[in-house]
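Colleague: Following is a predicted model, sequence given first.
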Amino acid sequence: MERYRVRPGDAVDLSTIDTSATPEFEGDKDDSISVLDERRQRLAELQDLLYAEGKHRFLLVLQAMDTGGKDGTIRHVFRDVDPIGVRMRGFKKPTEPELAHDYLWRVHPHVPGDGEVVVFNRSHYEDVLVVRVHGLVDDELVRRRFRHIREFEQLLVDEGTTIVKVFLHISKAEQAERLQARLDEPNKRWKFSKADVAERARWDDYQRAYEDAIAETSTDAAPWYVVPADRKWYRNLVVSKILIDTLEALDMAYPPVEEGLDDVVIE
Ligand code: AMP
Ligand code: MG
């Protein structure tokens, strides 16, 4: 999955990254179903190991344009993990008390503890994206926030957290289809907001803001991956593989068991 990782210092031009690419699978969704099943199983094994060992902390940050597939990715990729060791945390528009503090204040309490996997559905990155696009912060403050974010993430990594950040990259045409589907399907209408149309009009500004944020905060400690996400099945395959590869690199092991267990007889 190295092909999707943004290396520190890389320039990011989202317009050159094909949102509908499915390289290893040549566009064949059917072949992918059994592969995704295997990956979900492997992810469940690794999450069990992480929980049992209780040594590492794992954070996945998910960002995307509206309709980019954050919820669907969570639903599909994490289907087989044990909810006991996994937490999902969404970040919506800040509340009054949240706005009365610095932007990392609401984030820090939700980072994973020992043995935990946490998924951020949106994150502290909103504070260099949506607020920037809406002109609520100037560029100088955004530069400083990039530095805070790099240092905040470095702190988490220094203290035992593994961080993976994923941008689900869809095209503007794909967003149009997905917004239309939300309008057309009665059970999806609740997800539609007229504000989504206004945000869509700022598509190019969002893409520029994402390019800048990703380039400025993709570090060796906390790398960004830009994942082609127009094809949901391919997106799920890639995100699950990134997680598996990262977790395997931790070289985890089940904790040692008590001595003499072979002699134990349960009466
Ligand atoms: P959704 O993900 O569709 O539930 O929408 C959540 C909304 O909250 C999105 O429009 C985000 O842009 C917005 N949001 C999340 N974090 C922030 C933030 N820090 N500042 C402003 N808006 C935010
Ligand atoms: Mg929304």
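Modeller: Received, thanks. Ligands and ions are numbered 1, 2, ... in the order given.
Colleague: Would you indicate which residues of stretch 135-150 are buried?
Modeller: By 16 or more other C-beta atoms under 10 Å, the buried positions in stretch 135-150 come out as 142, 145, 146, 148, 149, 150. The way it works is simple: take the backbone N, C-alpha and C, and place the C-beta from them, glycine included.
Colleague: Out of those residues, flag the one nearest to ligand 1.
Modeller: residue 145 (11.0 Å; C-beta to the nearest ligand atom).
Colleague: what's the nearest residue to whichever residue of the stretch 1-150 of the chain sits closest to ligand 1 if we skip its chain neighbours?
Modeller: Closest residue of the stretch 1-150 of the chain to ligand 1, C-beta to the nearest ligand atom: residue 126 (3.3 Å). In space, and not counting its chain neighbours, residue 126 is closest to residue 91: 6.2 Å by C-beta to C-beta, 6 or more residues apart in numbering.
Colleague: could you point out the longest helix in this protein?
Modeller: Counting by DSSP state H, the longest helix found in the chain is helix 29-53.
Colleague: Let me know the average pLDDT across the helix or strand just after that helix.
Modeller: For helix 29-53, the following helix or strand on the C-terminal side (DSSP states H and E) is strand 57-64. The pLDDT scores in strand 57-64 average 99.
Colleague: Which elements pack onto strand 57-64?
Modeller: For strand 57-64, the elements it packs on are helix 70-77, strand 117-121, strand 161-169, helix 232-248, judged by 3 or more C-beta pairs under 8 Å, 6 or more residues apart in numbering; DSSP states H and E.
Colleague: Could you single out the most deeply buried of those?
Modeller: Of the helices and strands packed on strand 57-64, the one with the most neighbours on average (mean count of other C-beta atoms under 10 Å) is strand 161-169, at a mean of 23.
Colleague: For that strand, name the packing helices and strands.
Modeller: strand 57-64, helix 70-77, helix 139-158, helix 203-217, strand 224-228, helix 232-248.
Colleague: I'd guessed residue 6 sits against residue 217; true?
Modeller: No. Counting by C-beta atoms under 8 Å, residue 6 does not reach residue 217; the two are 9.3 Å apart.
Colleague: Report the set of residues contacting both of these two.
Modeller: Common neighbours of residue 6 and residue 217, using C-beta atoms under 8 Å, 6 or more residues apart in numbering, are residue 224.
Colleague: Looking at the two, which one has more neighbours?
Modeller: Each of residue 6 and residue 217 has its neighbours counted (other C-beta atoms under 10 Å); residue 217 has more, 25 against 20.
Colleague: need the contact list for the more buried one.
Modeller: So residue 217 contacts 125, 146, 149, 150, 153, 165, 224 (C-beta under 8 Å, 6+ apart).
Colleague: Just flag the most distant two among the residues you listed.
Modeller: 146 and 165 (13.3 Å; C-beta to C-beta).
Colleague: coming back round to it: got a list of contacts for the longest helix of the chain?
Modeller: Taking C-beta under 8 Å, 6+ apart as the rule, helix 29-53 contacts 25, 56, 58, 76-82, 84-86, 115-117, 231, 233-234, 236-237, 240-241, 243-244, 247-248, 250, 252-255.
Colleague: and the helices and strands packed on strand 57-64 as JSON lines, adding mean pLDDT and distance to residue 131?
Modeller: Output for the helices and strands packed on strand 57-64, formatted as JSON lines (pLDDT from 0 to 100; distance: least, C-beta to C-beta, whole Å):
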{"stretch": "helix 70-77", "mean pLDDT": "98", "distance to residue 131": "19"}
{"stretch": "strand 117-121", "mean pLDDT": "99", "distance to residue 131": "17"}
{"stretch": "strand 161-169", "mean pLDDT": "99", "distance to residue 131": "18"}
{"stretch": "helix 232-248", "mean pLDDT": "98", "distance to residue 131": "26"}
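Colleague: Export those as a markdown table, with columns for distance to residue 208.
Modeller: A markdown table is the format used below for the helices and strands packed on strand 57-64 (distance: least, C-beta to C-beta, whole Å):
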| stretch | distance to residue 208 |
| --- | --- |
| helix 70-77 | 20 |
| strand 117-121 | 22 |
| strand 161-169 | 14 |
| helix 232-248 | 23 |
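Colleague: Many thanks, we can stop here.
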